[in-house]
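Chemist: Sequence and computational prediction follow.
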Amino acid sequence: MTALEKYARLEGPGVWRADPEAQRRDVVVSLGDSSLVIADARSGMVLSHWSLPAVQRLNRGHKPAVFAPGADPDGETLELDDTLIIEALETIRAALAPRPPLRRLRLALIAGAVLAVVSGLLWLPGVLVERTAAIVPPAMRAQIGREALDALTLSPAGERVCAEPHGRQALATLRTRVLGSDWRVTVVAGVPGFRATHLPGRLIVLGAELIEHLDSPEALAGWMVAEAIAAESTDPLLDALRYAGSRATLALLTTGTLPDGALVGYARHRFDGSLSPVDPEALGARLEALGIAAGPYAMSLPASAAARAQTLADRVGVTRRAPTPLLSDGEWLTLQAICL
């Protein structure tokens, strides 16, 4: 039941006057759908209509409550002593009040976070990072992920993003079928020993060497799903902000951007060749739900991940085959050549 329905047709007594110099008149107050109707208590003649969203209380916390059809105290006023009428009017006004824009809400959240920092969180870097990560919107997360990758691939060391057009199209097809369109997948070359990782903003990065040595798109799908599960389990923005440091994190909190150079070296730190931690059971279940056999991925794992490979191989269950192959043979060969 909405506030309007609860108080529909509610009436009560009040005292009204047209301006501060006018004579006070006993009136009957009626609450309508979106207006307040004031009528003479004796004749029933309507004296005034007020728009409920515009009604202002002039003496909050005191009785009799004094209301006006706006913030101007020199215009009409209405005195109410009936508790139910006062409660109804306050409730309906709150229900009809316009919601603040999202941008104002975001600014309010940031201001609250800054206040918390000033109150003592500066000496707790872990809390500062967590509070900041909690309010960073998706667009900013995506930008941070791109900046981290750019800081690596724009270096003179030779790392680069692979962008062969047909290969990118094949990769986009595989990504959509495995993860959906709200994830981004990029391939980089020139990072020896790198296989796969993830960055803030739902960005998965694959190594060219990994793709070149895999036998099938099913195997690559396993690597992509593993990174997606790892990113969902632990927010990668936390790792990025810890790397950037408390000063950079505070700058992001207060200005909405990280200082230049804050993420230099972060991508290289993420591309160290280690596997992202992931629950093999959860990974196997996700692959099975997609109709993808876990075997090809398990066989592609390095010796250091033997336990993960064995858990996937031992899973009991019949994998439902996807209605169509993840990629055609031609698309797979094109994807493997994405860095040429």
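Modeler: Cool, got the structure.
Chemist: Which residues outside the helix or strand containing Leu220 are in contact with it?
Modeler: Remark: Leu220 resides in helix 217-233, with elements defined by DSSP states H and E. The list of residues contacting helix 217-233 from outside it, by C-beta atoms under 8 Å, 6 or more residues apart in numbering, reads 174-175, 178-179, 183, 185, 195-198, 202, 204, 206, 210-211, 214, 275-279, 282-283, 286-287, 290, 292-294, 296-300, 325-327, 331-332, 335. C-beta: built from backbone N, CA, C; applies to glycine.
Chemist: Can you list the low-confidence ranges for the stretch 151-300 of the chain?
Modeler: For the stretch 151-300 of the chain, the stretches with pLDDT under 70 are 156.
Chemist: tell me which element the closest residue to Ala133 other than its chain neighbours falls in.
Modeler: Setting aside the residues directly before and after it, Ala133 is nearest to Leu237 in space (C-beta to C-beta, 6 or more residues apart in numbering), at 4.6 Å. Using DSSP H and E, Leu237 maps to helix 236-244.
Chemist: Report the distance from that helix to the chain centre.
Modeler: Its chain's C-alpha centre and that of helix 236-244 lie 17 Å apart, by C-alpha atoms, centre = their mean, to the nearest Å.
Chemist: same check, this time on stretch 143-151
Modeler: With C-alpha atoms, centre = their mean, you get 19 Å for stretch 143-151.
Chemist: Over to stretch 189-209?
Modeler: For stretch 189-209, the distance to the chain centre is 24 Å (C-alpha atoms, centre = their mean).
Chemist: domain ranges for this structure?
Modeler: Split into domains by automatic domain parsing, the chain comes to 3-96, 105-336.
Chemist: that older thread, thought the residue nearest to Ala133 was touching Ile135?
Modeler: No - using C-beta atoms under 8 Å as the test, Leu237 is too far from Ile135 to be in contact (10.7 Å).
Chemist: Of those two, give the one with the bigger neighbour count.
Modeler: Leu237 (23 against 14; other C-beta atoms under 10 Å).
Chemist: And that one, how far from Arg131?
Modeler: To Arg131, Leu237 is 12 Å away according to C-beta to C-beta, to the nearest Å.
Chemist: do Gly70 as well
Modeler: Separation of Gly70 from Arg131 (C-beta to C-beta): 39 Å.
Chemist: isn't Val55 right up against Val66?
Modeler: No - with contacts counted by C-beta under 8 Å, Val55 stays clear of Val66, the gap being 11.2 Å.
Chemist: Give me the common contacts of the two.
Modeler: Overlap of the contact sets of Val55 and Val66 (by C-beta under 8 Å, 6+ apart) is empty.
Chemist: where in the stretch 1-150 of the chain is pLDDT low?
Modeler: For the stretch 1-150 of the chain, the stretches flagged by pLDDT under 70 are 1-9, 33, 71-73, 93-125.
Chemist: residue boundaries of the strands in the chain?
Modeler: In the chain, strands defined by DSSP state E lie at 11-17, 25-31, 35-40, 46-51, 56-57, 65-68, 77-80, 160-161, 184-189, 196-199, 203-207, listed in chain order.
Chemist: Need these in CSV (columns: mean neighbour count).
Modeler: Listed next are the strands of the chain as CSV, based on neighbours: other C-beta atoms under 10 Å:
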stretch, mean neighbour count
strand 11-17, 18
strand 25-31, 18
strand 35-40, 17
strand 46-51, 15
strand 56-57, 16
strand 65-68, 20
strand 77-80, 21
strand 160-161, 18
strand 184-189, 21
strand 196-199, 26
strand 203-207, 24
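Chemist: want to try a markdown table for these, with distance to Glu90 as columns?
Modeler: Shown next, in a markdown table, are the strands of the chain (distance: least, C-beta to C-beta, whole Å):
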| stretch | distance to Glu90 |
| --- | --- |
| strand 11-17 | 14 |
| strand 25-31 | 12 |
| strand 35-40 | 12 |
| strand 46-51 | 14 |
| strand 56-57 | 7 |
| strand 65-68 | 9 |
| strand 77-80 | 10 |
| strand 160-161 | 58 |
| strand 184-189 | 48 |
| strand 196-199 | 48 |
| strand 203-207 | 48 |
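Chemist: Any idea which of those gets closest to Phe271?
Modeler: Between Phe271 and the strands of the chain, the tightest spacing by C-beta to C-beta is seen for strand 196-199, at 6.0 Å.
Chemist: May I have the residues that are in contact with the closest residue to Phe194 other than its chain neighbours?
Modeler: Take Phe194 and drop its neighbours on the chain: the residue closest to it by C-beta to C-beta, 6+ apart is Gly207, 3.9 Å away. Contacts for Gly207 (C-beta under 8 Å, 6+ apart) come out as Val187, Val188, Ala189, Val191, Phe194, Arg195, Ala196, Phe271.
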